[in-house]
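Asker: let's see this in three dimensions:
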Amino acid sequence: INLIIKKPFKKTKSSSSPVNSKDWESISPFAVEIINKLQDHNYEAYLVGGCVRDLLANIKPKDFDIATNAEPKEIRKIFKASRIIGKRFQLVHIYKGKQIIEVATFRAGLNKNSTTIENDLIKDDAGKIIRDNIWGNIEDDCNRRDFTINAIYFCPISNTFKDFHDGAQHVKEKKIISIGDPLYRFEEDPVRSLRAIRFATKLNFKIDSKIKEAIYEKGDLLGNISNARLFDEFCKIFLNGHGYENYKKLQSFGIAKYLLNLEKNYSGNKVYGESLKNTDKRYRDGKSITPGFLLAAILWPKLIERCSFDNGINIRKFFRSMDGVLRNQQKLTAVPRKFSSYIKDIWVLQLKLHSRIGSQPYKTLRHPRFRAAYDFLLVRERAANDKNGLGKWWTDFQKNDDSLRGSIIAQMKEKNDEESSKKFGFYNELR
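Answerer: This next block holds a predicted model:
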(Lines give C-alpha, C1' and ligand atoms only; values in the text may rest on other atoms or scores of the structure.)
Protein backbone atom coordinates (compact mmCIF):
# COMPACT_ATOMS: atom_id res chain seq x y z
CA ILE A 1 0.00 0.00 0.00
CA ASN A 2 1.51 3.29 -1.07
CA LEU A 3 -0.60 5.84 0.72
CA ILE A 4 -0.16 9.60 0.47
CA ILE A 5 -2.31 11.52 2.90
CA LYS A 6 -3.34 14.93 1.65
CA LYS A 7 -5.61 15.88 4.55
CA PRO A 8 -3.88 15.11 7.83
CA PHE A 9 -6.90 14.86 10.13
CA LYS A 10 -10.62 15.18 10.30
CA LYS A 11 -11.69 16.75 13.52
CA THR A 12 -13.20 14.31 16.03
CA LYS A 13 -13.26 14.56 19.82
CA SER A 14 -10.99 17.58 19.73
CA SER A 15 -11.63 21.27 20.02
CA SER A 16 -8.37 22.10 18.25
CA SER A 17 -7.43 22.06 14.60
CA PRO A 18 -4.57 19.79 13.57
CA VAL A 19 -1.22 21.10 12.43
CA ASN A 20 -0.54 20.90 8.70
CA SER A 21 2.38 18.64 7.82
CA LYS A 22 4.48 18.15 4.72
CA ASP A 23 5.51 14.67 5.77
CA TRP A 24 2.35 12.55 5.77
CA GLU A 25 3.71 10.68 2.75
CA SER A 26 6.46 9.38 5.05
CA ILE A 27 4.02 7.17 6.96
CA SER A 28 5.21 3.57 6.81
CA PRO A 29 3.12 1.59 4.27
CA PHE A 30 3.71 -1.49 6.45
CA ALA A 31 2.14 0.29 9.45
CA VAL A 32 -0.85 1.25 7.31
CA GLU A 33 -1.14 -2.36 6.14
CA ILE A 34 -1.24 -3.60 9.77
CA ILE A 35 -3.90 -1.06 10.74
CA ASN A 36 -5.99 -1.99 7.70
CA LYS A 37 -5.80 -5.68 8.53
CA LEU A 38 -6.74 -5.16 12.19
CA GLN A 39 -9.72 -3.04 11.15
CA ASP A 40 -10.76 -5.72 8.63
CA HIS A 41 -11.00 -8.05 11.66
CA ASN A 42 -13.31 -5.53 13.36
CA TYR A 43 -10.71 -4.09 15.76
CA GLU A 44 -9.86 -0.46 16.39
CA ALA A 45 -6.30 0.45 15.37
CA TYR A 46 -4.39 3.74 15.28
CA LEU A 47 -0.93 5.18 14.87
CA VAL A 48 -0.03 6.74 18.20
CA GLY A 49 2.72 8.45 20.14
CA GLY A 50 5.94 9.88 18.76
CA CYS A 51 5.22 9.18 15.09
CA VAL A 52 2.00 11.25 15.12
CA ARG A 53 3.62 13.98 17.23
CA ASP A 54 6.62 14.20 14.88
CA LEU A 55 4.45 14.32 11.77
CA LEU A 56 2.48 17.20 13.24
CA ALA A 57 5.76 18.96 14.07
CA ASN A 58 7.04 18.49 10.49
CA ILE A 59 9.68 15.96 11.57
CA LYS A 60 10.11 12.70 9.66
CA PRO A 61 9.31 9.86 12.10
CA LYS A 62 11.78 7.04 12.65
CA ASP A 63 9.44 4.54 14.28
CA PHE A 64 5.75 3.81 13.98
CA ASP A 65 3.78 2.45 16.95
CA ILE A 66 0.25 1.13 16.75
CA ALA A 67 -2.40 0.91 19.48
CA THR A 68 -5.44 -1.36 19.21
CA ASN A 69 -8.21 -2.93 21.28
CA ALA A 70 -7.13 -6.38 20.02
CA GLU A 71 -5.37 -8.37 22.75
CA PRO A 72 -1.86 -9.78 22.11
CA LYS A 73 -3.07 -13.33 21.46
CA GLU A 74 -5.67 -12.03 19.01
CA ILE A 75 -3.05 -9.95 17.19
CA ARG A 76 -0.80 -12.99 17.04
CA LYS A 77 -3.54 -15.02 15.34
CA ILE A 78 -3.99 -12.39 12.62
CA PHE A 79 -0.28 -11.93 11.81
CA LYS A 80 1.79 -15.07 11.33
CA ALA A 81 5.10 -13.18 11.23
CA SER A 82 4.78 -11.85 14.77
CA ARG A 83 5.66 -12.62 18.35
CA ILE A 84 4.53 -11.54 21.79
CA ILE A 85 7.25 -9.89 23.89
CA GLY A 86 7.38 -8.72 27.50
CA LYS A 87 5.81 -10.00 30.69
CA ARG A 88 4.83 -6.99 32.73
CA PHE A 89 3.78 -5.14 29.57
CA GLN A 90 2.89 -7.51 26.74
CA LEU A 91 3.46 -6.13 23.23
CA VAL A 92 3.43 -7.70 19.79
CA HIS A 93 6.22 -7.25 17.26
CA ILE A 94 5.08 -7.74 13.66
CA TYR A 95 7.77 -8.44 11.06
CA LYS A 96 8.15 -7.89 7.33
CA GLY A 97 11.68 -8.35 6.05
CA LYS A 98 13.83 -6.02 8.14
CA GLN A 99 10.86 -3.93 9.26
CA ILE A 100 9.43 -4.30 12.76
CA ILE A 101 6.26 -2.56 13.92
CA GLU A 102 5.30 -2.59 17.60
CA VAL A 103 1.61 -3.08 18.37
CA ALA A 104 0.25 -2.44 21.87
CA THR A 105 -3.18 -3.21 23.30
CA PHE A 106 -5.14 -0.36 24.91
CA ARG A 107 -4.40 -0.41 28.65
CA ALA A 108 -6.27 0.90 31.65
CA GLY A 109 -4.46 3.55 33.65
CA LEU A 110 -3.26 3.12 37.22
CA ASN A 111 -5.57 5.32 39.24
CA LYS A 112 -4.19 5.89 42.74
CA ASN A 113 -7.79 5.80 44.04
CA SER A 114 -8.80 2.68 42.09
CA THR A 115 -8.76 -0.47 44.20
CA THR A 116 -10.18 -2.56 41.36
CA ILE A 117 -7.19 -1.95 39.11
CA GLU A 118 -4.77 -2.33 42.00
CA ASN A 119 -6.27 -5.70 42.88
CA ASP A 120 -5.91 -6.88 39.28
CA LEU A 121 -2.14 -6.35 39.29
CA ILE A 122 0.10 -9.42 39.64
CA LYS A 123 2.88 -8.86 42.19
CA ASP A 124 5.68 -10.93 43.64
CA ASP A 125 6.14 -11.62 47.37
CA ALA A 126 7.99 -8.34 47.84
CA GLY A 127 5.11 -6.37 46.32
CA LYS A 128 6.88 -5.60 43.03
CA ILE A 129 4.54 -5.49 40.02
CA ILE A 130 5.51 -8.32 37.67
CA ARG A 131 2.49 -8.25 35.38
CA ASP A 132 0.37 -5.26 34.43
CA ASN A 133 -1.66 -6.39 31.44
CA ILE A 134 -4.94 -4.70 32.32
CA TRP A 135 -6.77 -3.94 29.10
CA GLY A 136 -8.93 -0.85 28.64
CA ASN A 137 -10.44 1.33 25.94
CA ILE A 138 -8.83 4.12 23.92
CA GLU A 139 -9.64 6.77 26.55
CA ASP A 140 -8.08 4.64 29.30
CA ASP A 141 -5.01 4.18 27.13
CA CYS A 142 -4.79 7.90 26.43
CA ASN A 143 -4.99 8.83 30.11
CA ARG A 144 -2.14 6.45 30.86
CA ARG A 145 0.30 8.26 28.55
CA ASP A 146 2.78 10.83 29.84
CA PHE A 147 2.34 14.03 27.83
CA THR A 148 -0.51 15.40 25.72
CA ILE A 149 1.69 15.59 22.60
CA ASN A 150 2.26 11.82 22.84
CA ALA A 151 -1.42 10.96 23.23
CA ILE A 152 -2.77 11.69 19.74
CA TYR A 153 -4.30 8.73 17.86
CA PHE A 154 -4.40 8.83 14.07
CA CYS A 155 -6.18 6.47 11.64
CA PRO A 156 -4.53 6.70 8.21
CA ILE A 157 -7.38 4.71 6.63
CA SER A 158 -10.18 7.15 7.51
CA ASN A 159 -7.95 10.24 7.91
CA THR A 160 -9.36 10.83 11.39
CA PHE A 161 -7.75 11.45 14.74
CA LYS A 162 -8.69 11.18 18.39
CA ASP A 163 -7.15 13.72 20.71
CA PHE A 164 -8.63 13.74 24.23
CA HIS A 165 -6.16 16.24 25.76
CA ASP A 166 -5.64 18.84 23.00
CA GLY A 167 -2.27 17.36 22.09
CA ALA A 168 -2.41 18.64 18.50
CA GLN A 169 -2.99 22.15 19.77
CA HIS A 170 -0.06 21.81 22.18
CA VAL A 171 2.15 20.68 19.27
CA LYS A 172 1.08 23.83 17.44
CA GLU A 173 1.83 25.95 20.53
CA LYS A 174 5.12 24.08 21.08
CA LYS A 175 4.31 23.12 24.66
CA ILE A 176 5.00 20.00 26.69
CA ILE A 177 2.12 19.45 29.11
CA SER A 178 1.54 16.50 31.43
CA ILE A 179 -1.57 14.34 31.35
CA GLY A 180 -2.66 14.56 34.97
CA ASP A 181 -0.70 15.99 37.90
CA PRO A 182 3.02 15.71 37.00
CA LEU A 183 3.97 15.31 40.66
CA TYR A 184 1.94 12.10 40.80
CA ARG A 185 2.84 11.00 37.26
CA PHE A 186 6.57 11.40 37.99
CA GLU A 187 6.15 9.32 41.14
CA GLU A 188 4.63 6.61 38.94
CA ASP A 189 7.62 6.79 36.61
CA PRO A 190 10.52 9.16 37.40
CA VAL A 191 11.99 8.64 33.89
CA ARG A 192 9.25 10.96 32.63
CA SER A 193 11.41 13.87 33.82
CA LEU A 194 14.16 12.77 31.41
CA ARG A 195 11.63 12.30 28.61
CA ALA A 196 10.25 15.82 29.12
CA ILE A 197 13.75 17.28 28.76
CA ARG A 198 14.54 15.12 25.73
CA PHE A 199 11.33 16.05 23.91
CA ALA A 200 11.79 19.75 24.72
CA THR A 201 15.24 19.74 23.14
CA LYS A 202 14.39 17.58 20.16
CA LEU A 203 11.23 19.50 19.26
CA ASN A 204 12.33 22.94 20.53
CA PHE A 205 9.23 23.02 22.75
CA LYS A 206 8.75 24.73 26.11
CA ILE A 207 8.28 22.64 29.23
CA ASP A 208 5.17 23.56 31.21
CA SER A 209 5.91 25.19 34.58
CA LYS A 210 4.13 22.40 36.48
CA ILE A 211 6.41 19.84 34.85
CA LYS A 212 9.46 21.93 35.75
CA GLU A 213 8.36 22.00 39.38
CA ALA A 214 7.86 18.22 39.32
CA ILE A 215 11.37 17.66 37.89
CA TYR A 216 12.91 19.75 40.70
CA GLU A 217 10.78 18.07 43.37
CA LYS A 218 10.81 14.46 42.13
CA GLY A 219 14.14 14.30 40.28
CA ASP A 220 15.80 12.40 43.14
CA LEU A 221 13.49 9.43 42.41
CA LEU A 222 15.71 8.71 39.39
CA GLY A 223 18.09 7.17 41.91
CA ASN A 224 15.65 4.25 42.20
CA ILE A 225 15.56 3.44 38.48
CA SER A 226 17.46 0.38 37.20
CA ASN A 227 20.85 1.06 35.63
CA ALA A 228 19.78 -0.87 32.49
CA ARG A 229 16.84 1.48 31.89
CA LEU A 230 18.97 4.54 32.56
CA PHE A 231 21.56 3.34 30.03
CA ASP A 232 18.77 3.21 27.47
CA GLU A 233 17.82 6.79 28.40
CA PHE A 234 21.51 7.81 28.28
CA CYS A 235 21.66 6.68 24.64
CA LYS A 236 18.41 8.44 23.71
CA ILE A 237 19.45 11.68 25.41
CA PHE A 238 23.09 11.91 24.29
CA LEU A 239 23.30 10.02 20.97
CA ASN A 240 20.54 11.65 18.94
CA GLY A 241 22.11 14.92 17.86
CA HIS A 242 21.02 17.05 20.85
CA GLY A 243 23.37 15.76 23.55
CA TYR A 244 24.97 19.07 24.46
CA GLU A 245 21.65 20.91 24.84
CA ASN A 246 20.23 18.02 26.85
CA TYR A 247 23.31 18.04 29.09
CA LYS A 248 22.84 21.76 29.85
CA LYS A 249 19.17 21.21 30.71
CA LEU A 250 19.96 18.20 32.91
CA GLN A 251 22.54 20.28 34.76
CA SER A 252 20.12 23.17 35.22
CA PHE A 253 17.56 20.82 36.79
CA GLY A 254 20.26 19.15 38.91
CA ILE A 255 19.66 15.64 37.56
CA ALA A 256 22.69 15.04 35.30
CA LYS A 257 24.26 13.20 38.25
CA TYR A 258 21.76 10.34 37.82
CA LEU A 259 23.18 9.60 34.36
CA LEU A 260 26.81 10.70 34.55
CA ASN A 261 29.59 10.09 37.05
CA LEU A 262 30.88 13.65 36.91
CA GLU A 263 34.05 15.06 38.41
CA LYS A 264 33.33 16.41 41.90
CA ASN A 265 35.12 19.75 41.86
CA TYR A 266 34.89 20.69 38.20
CA SER A 267 31.40 19.85 36.93
CA GLY A 268 31.88 22.61 34.36
CA ASN A 269 34.89 20.80 32.84
CA LYS A 270 35.04 21.69 29.15
CA VAL A 271 35.67 18.06 28.16
CA TYR A 272 31.99 17.37 28.82
CA GLY A 273 30.82 20.08 26.46
CA GLU A 274 33.42 19.39 23.75
CA SER A 275 32.77 15.64 23.71
CA LEU A 276 29.00 16.14 23.48
CA LYS A 277 29.38 18.75 20.72
CA ASN A 278 31.68 16.34 18.86
CA THR A 279 29.10 13.53 19.12
CA ASP A 280 26.29 15.86 18.01
CA LYS A 281 28.30 16.93 14.95
CA ARG A 282 29.08 13.33 14.01
CA TYR A 283 25.37 12.53 14.26
CA ARG A 284 24.47 15.46 11.99
CA ASP A 285 27.19 14.44 9.51
CA GLY A 286 25.85 10.87 9.38
CA LYS A 287 29.03 9.40 10.92
CA SER A 288 29.10 6.47 13.32
CA ILE A 289 28.63 7.22 17.01
CA THR A 290 28.93 4.93 20.00
CA PRO A 291 28.15 5.26 23.71
CA GLY A 292 31.61 3.82 24.37
CA PHE A 293 33.40 6.86 22.97
CA LEU A 294 31.15 9.32 24.78
CA LEU A 295 31.53 7.50 28.10
CA ALA A 296 35.32 7.42 27.66
CA ALA A 297 35.28 11.19 27.15
CA ILE A 298 32.84 12.05 29.94
CA LEU A 299 34.56 9.81 32.49
CA TRP A 300 38.05 11.04 31.58
CA PRO A 301 38.02 13.99 34.05
CA LYS A 302 36.99 11.59 36.85
CA LEU A 303 39.94 9.32 35.96
CA ILE A 304 42.38 12.26 35.87
CA GLU A 305 40.94 13.55 39.16
CA ARG A 306 41.96 10.26 40.82
CA CYS A 307 45.52 10.09 39.56
CA SER A 308 46.78 13.65 38.91
CA PHE A 309 49.29 15.49 41.12
CA ASP A 310 51.56 18.53 40.68
CA ASN A 311 50.53 19.06 37.03
CA GLY A 312 51.29 15.43 36.19
CA ILE A 313 49.78 12.01 36.71
CA ASN A 314 50.69 8.91 38.68
CA ILE A 315 50.81 6.22 35.99
CA ARG A 316 50.27 3.38 38.46
CA LYS A 317 47.18 5.12 39.88
CA PHE A 318 45.99 5.80 36.34
CA PHE A 319 45.82 2.09 35.50
CA ARG A 320 44.50 1.09 38.92
CA SER A 321 41.72 3.68 38.81
CA MET A 322 40.18 2.70 35.46
CA ASP A 323 38.03 -0.17 36.73
CA GLY A 324 36.85 1.85 39.73
CA VAL A 325 35.71 4.75 37.55
CA LEU A 326 33.80 2.35 35.31
CA ARG A 327 32.24 0.57 38.31
CA ASN A 328 30.92 3.88 39.66
CA GLN A 329 29.37 4.70 36.28
CA GLN A 330 27.93 1.17 36.17
CA LYS A 331 25.96 1.98 39.33
CA LEU A 332 24.21 4.75 37.40
CA THR A 333 23.88 3.32 33.91
CA ALA A 334 24.59 -0.24 32.87
CA VAL A 335 27.71 -0.24 30.66
CA PRO A 336 27.68 -3.29 28.36
CA ARG A 337 30.86 -5.33 28.69
CA LYS A 338 31.91 -4.74 25.08
CA PHE A 339 32.18 -1.01 25.82
CA SER A 340 34.32 -1.43 28.95
CA SER A 341 37.36 -2.68 27.05
CA TYR A 342 36.73 -0.09 24.31
CA ILE A 343 36.73 2.72 26.89
CA LYS A 344 39.92 1.50 28.58
CA ASP A 345 41.68 1.17 25.21
CA ILE A 346 40.88 4.83 24.43
CA TRP A 347 42.20 5.90 27.84
CA VAL A 348 45.46 3.92 27.58
CA LEU A 349 46.06 5.21 24.08
CA GLN A 350 45.98 8.78 25.41
CA LEU A 351 49.26 7.92 27.16
CA LYS A 352 50.71 6.36 24.02
CA LEU A 353 49.72 9.32 21.83
CA HIS A 354 52.06 11.50 23.89
CA SER A 355 54.98 9.19 23.04
CA ARG A 356 56.25 10.14 19.58
CA ILE A 357 59.77 8.71 19.30
CA GLY A 358 61.20 5.41 18.09
CA SER A 359 58.77 2.75 16.89
CA GLN A 360 55.98 3.72 19.31
CA PRO A 361 54.04 5.97 16.85
CA TYR A 362 53.87 3.11 14.33
CA LYS A 363 52.51 0.72 16.98
CA THR A 364 49.98 3.29 18.13
CA LEU A 365 48.83 3.93 14.55
CA ARG A 366 48.19 0.20 14.02
CA HIS A 367 46.04 -0.14 17.13
CA PRO A 368 42.39 -0.96 16.22
CA ARG A 369 41.17 1.86 18.51
CA PHE A 370 43.61 4.45 17.15
CA ARG A 371 41.00 6.48 15.28
CA ALA A 372 38.69 6.77 18.30
CA ALA A 373 41.65 7.64 20.56
CA TYR A 374 42.88 10.27 18.07
CA ASP A 375 39.40 11.82 17.90
CA PHE A 376 39.32 12.00 21.69
CA LEU A 377 42.80 13.58 21.73
CA LEU A 378 41.41 16.38 19.55
CA VAL A 379 38.47 16.78 21.95
CA ARG A 380 40.86 17.04 24.91
CA GLU A 381 43.03 19.53 23.04
CA ARG A 382 40.08 21.81 22.28
CA ALA A 383 38.77 21.52 25.84
CA ALA A 384 42.15 22.48 27.30
CA ASN A 385 42.73 25.17 24.64
CA ASP A 386 46.17 23.63 24.15
CA LYS A 387 48.39 25.11 21.43
CA ASN A 388 51.37 22.72 21.53
CA GLY A 389 50.28 20.93 18.37
CA LEU A 390 50.01 17.32 19.54
CA GLY A 391 46.79 16.80 17.59
CA LYS A 392 48.30 18.34 14.43
CA TRP A 393 51.37 16.11 14.78
CA TRP A 394 49.19 12.98 14.69
CA THR A 395 47.06 14.44 11.89
CA ASP A 396 50.22 14.86 9.78
CA PHE A 397 51.73 11.54 10.83
CA GLN A 398 48.75 9.43 9.79
CA LYS A 399 48.45 11.19 6.42
CA ASN A 400 52.05 10.68 5.27
CA ASP A 401 53.86 7.66 3.83
CA ASP A 402 56.50 5.74 5.81
CA SER A 403 59.52 7.73 4.54
CA LEU A 404 57.92 11.04 5.51
CA ARG A 405 56.79 9.58 8.83
CA GLY A 406 60.41 8.76 9.58
CA SER A 407 61.42 12.38 9.02
CA ILE A 408 58.58 13.60 11.26
CA ILE A 409 59.83 11.32 14.06
CA ALA A 410 63.41 12.48 13.46
CA GLN A 411 62.30 16.10 13.84
CA MET A 412 60.59 15.12 17.07
CA LYS A 413 63.84 13.55 18.35
CA GLU A 414 65.60 16.85 17.99
CA LYS A 415 63.20 18.40 20.48
CA ASN A 416 63.63 17.88 24.18
CA ASP A 417 62.48 14.66 25.88
CA GLU A 418 59.89 16.47 27.97
CA GLU A 419 57.98 17.55 24.88
CA SER A 420 58.39 14.30 22.97
CA SER A 421 57.55 11.61 25.49
CA LYS A 422 57.85 12.25 29.18
CA LYS A 423 55.30 14.92 29.94
CA PHE A 424 51.70 13.74 29.82
CA GLY A 425 48.52 15.75 29.58
CA PHE A 426 47.48 19.30 28.89
CA TYR A 427 48.03 21.87 31.61
CA ASN A 428 44.38 22.93 31.86
CA GLU A 429 43.11 19.36 32.31
CA LEU A 430 45.69 18.56 34.99
CA ARG A 431 45.21 21.87 36.87
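Asker: where does the chain have low pLDDT?
Answerer: Within the chain, the segments meeting pLDDT under 70 span 1-24, 109-133, 264-268, 400, 414-431.
Asker: 50 instead?
Answerer: 1-12, 14-17, 19-21, 112-119, 123-131, 418, 420-422 (pLDDT under 50).
Asker: quick one, strands of it?
Answerer: Using DSSP state E, the strands of the chain run over 45-48, 65-68, 82-85, 91-96, 99-105, 122-123, 129-131, 152-155, 160-163, 175-176, 206-207, 308-309, 312-313.
Asker: of these, which approaches residue 282 most closely?
Answerer: Among the strands of the chain, strand 99-105 comes nearest to residue 282, with 25.8 Å by C-beta to C-beta. Yep, even glycine has a C-beta here, placed from its N, CA and C like the rest.
Asker: report the contact partners of the residue lying closest to residue 64 once chain neighbours are set aside.
Answerer: Distance criterion C-beta to C-beta, 6 or more residues apart in numbering; nearest residue to residue 64, sequence neighbours excluded, is residue 31 at 4.1 Å. Contact analysis of residue 31 by C-beta atoms under 8 Å, 6 or more residues apart in numbering lists 47, 51, 64, 66, 101, 156.
Asker: from residue 32, how far out is the second one?
Answerer: Think residue 51. Using C-beta to C-beta, to the nearest Å, residue 51 is found at 12 Å from residue 32.
Asker: repeat for the fifth one
Answerer: Using C-beta to C-beta, one gets 10 Å for the distance from residue 101 to residue 32.
Asker: same question for the fourth one.
Answerer: When distance is defined by C-beta to C-beta, residue 66 is 10 Å away from residue 32.
Asker: more neighbours: the two, which one.
Answerer: Remark: of residue 66 and residue 32, residue 66 carries more neighbours, 25 against 20, as counted by other C-beta atoms under 10 Å.
Asker: what number of residues lie near the residue nearest to the more buried one when sequence neighbours are not counted?
Answerer: The shortest distance from residue 66 to any non-neighbouring residue, by C-beta to C-beta, 6+ apart, is to residue 103 (4.6 Å). By other C-beta under 10 Å, the residues close to residue 103 number 24.
Asker: list the contacts for residue 103?
Answerer: Contacts for residue 103 (C-beta under 8 Å, 6+ apart) come out as 34, 38, 65-68, 75, 91-94.
Asker: ok, residue 333 next?
Answerer: Neighbours of residue 333 in contact, by C-beta under 8 Å, 6+ apart: 227, 230-231, 233-234, 259.
Asker: got a list of what the residue lying closest to it once chain neighbours are set aside touches?
Answerer: Distances taken as C-beta to C-beta, 6+ apart place residue 231 nearest to residue 333, at 4.0 Å, with adjacent residues excluded. Contacts for residue 231 (C-beta under 8 Å, 6+ apart) come out as 291, 333-336.
Asker: ok, and the closest non-adjacent residue to the spatially most central residue of the chain?
Answerer: The centroid of the chain falls nearest to residue 236 when counting by C-alpha atoms, centre = their mean (1.1 Å). Excluding the flanking residues, the one nearest residue 236 by C-beta to C-beta, 6+ apart is residue 198, at 6.2 Å.
Asker: same deal with residue 180?
Answerer: Spatial nearest neighbour of residue 180, chain neighbours left out: residue 143 (7.2 Å); criterion: C-beta to C-beta, 6+ apart.
Asker: residue 185 is in contact with the one you found, correct?
Answerer: No. Using C-beta atoms under 8 Å, residue 143 is not in contact with residue 185; the gap is 10.5 Å.
Asker: intersection of neighbour lists for these two?
Answerer: residue 179.
Asker: more neighbours: which of these two?
Answerer: residue 185 (21 against 18).
Asker: hmm, the more buried one is touching residue 177, no?
Answerer: No. With contacts counted by C-beta under 8 Å, residue 185 stays clear of residue 177, the gap being 11.3 Å.
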